[in-house]
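*Asks:* From the sequence below, what's the structure:
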Amino acid sequence: MNLAAIVKLSVAMAIFGSIGFFTIHTGVPAVELVFIRCIFATLFLSGMWFVTGGHKAESWNKKEVLQTCLCGVFLVLNWVFLFKAFEEMSISITISIYNLAPIFVLLLGTLFLKEKMTVQGLLATIVCFIGSILIVGIDSFQSIDQMMDSGLIWALLSALCYALTMITSKTIQNLSPYSMTFIQTAIGILMLLPFCDFTVFNGLSTSNWIYIVGTGLIHTGFVYYLFFDSVRSLPTFLVSVLTFVDPVVAILLDIVILSFSPTLLQALGILLIFGSIYYTVRPRKQLTGDG
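*Replies:* Next up, the predicted model:
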């Protein structure tokens, strides 16, 4: 095992786990915050791309560039929906639903990539659905308005878009991670520019700006650099396990700093979701390791 890569990915996931805490302290709506994030990511990671000399050895392929552009659309929508969910729900509940993404990948793979749906995958999907109902509350499902106000739809859309990001990026082999992210975040700038209300940046406090810059530089630039620098040196099963550091940190921060106190049913829902996801990923890890 590459110990340095393990440490880098663990640190990246731990830092990313605090993004919800940073987001709610920026004082900026989702669209504008993602726009700023895309600018920071484009500048930081393209700079790293040039500093490391990766741009000189880049292998461009028209099909992969177009595929990366589509992937970028899903990635940016994923961020917007996630931040909108943070505006409506607690970080713990949002992150729990957001981490349904692996289940969505399983379902999308079955529908569009002709991958076989296993019994364990079907069971995990059902249990995750039950868990989602428990953590959001059965009362939130009585009307469309209540569901929208609860933030559930935003969190589900965020998870779905993240799953679509993973699905569309699966066959990209030649483009480097830096060039992929540069294209994706540049697409994000172009996508969101017409929808940005720049007056929201008027009157922000120094504290707000610290959190905004932190979200851009730390959670996007630095975290993605650590992620890209480590993920290709580690086996898939280990990456899957280490990504659980993200939600654990997010939920701990929500409980310890923001005083979130889940009800018994919400706690059960969170356990059902993460237990099902782990159950889904674990057999694949064993098969990967043996194969």
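*Asks:* what pLDDT does G53 get?
*Replies:* Listed pLDDT for G53 reads 83.
*Asks:* what's the spacing between it and S230?
*Replies:* Going from G53 to S230 by CB to CB, to the nearest Å gives 19 Å. For the C-beta atoms, the positions are set from N, CA and C on the backbone; glycine is no exception.
*Asks:* now L33
*Replies:* Taken as CB to CB, the span from L33 to S230 is 26 Å.
*Asks:* And for V65?
*Replies:* Distance of V65 to S230, computed by CB to CB: 25 Å.
*Asks:* For the two, indicate the residue with more neighbours.
*Replies:* S230 (21 against 15; other CB atoms under 10 Å).
*Asks:* Tell me the secondary structure of the most centrally placed residue in the chain, please.
*Replies:* Nearest residue to the geometric centre of the chain (CA atoms, centre = their mean): Y162, 6.1 Å. What DSSP: H, G, I helix; E, B strand; the rest coil gives for Y162 is helix.
*Asks:* Please renumber the chain so that the first residue is 10 from this point on.
*Replies:* From this message on, residue numbering opens at 10, which makes the last subject Y171.
*Asks:* I figured it hits L109, correct?
*Replies:* No - taking contacts as CB atoms under 8 Å, Y171 lies outside contact range of L109: 9.2 Å.
*Asks:* what's near enough to touch F207?
*Replies:* Going by CB atoms under 8 Å, 6 or more residues apart in numbering, F207 touches E41.
*Asks:* burial measure for L267, as a count.
*Replies:* Applying other CB under 10 Å, we find 14 residues neighbouring L267.
*Asks:* Okay, helices next: where are they in the stretch 10-159 of the chain?
*Replies:* 12-25, 28-32, 39-60, 71-97, 100-107, 110-121, 128-145, 153-159 (DSSP state H, counting those that start in this stretch).
*Asks:* what angle do the fifth one and helix 128-145 make?
*Replies:* Same thing as helix 100-107. Per axes from the mean of the first three to the mean of the last three CA atoms, to 10 degrees, the angle that helix 100-107 makes with helix 128-145 is 150 degrees.
*Asks:* Which elements pack onto helix 100-107?
*Replies:* Counting contacts by 3 or more CB pairs under 8 Å, 6 or more residues apart in numbering; DSSP states H and E, helix 100-107 packs against helix 28-32, helix 71-97, helix 128-145, helix 161-178, helix 254-265, helix 273-299.
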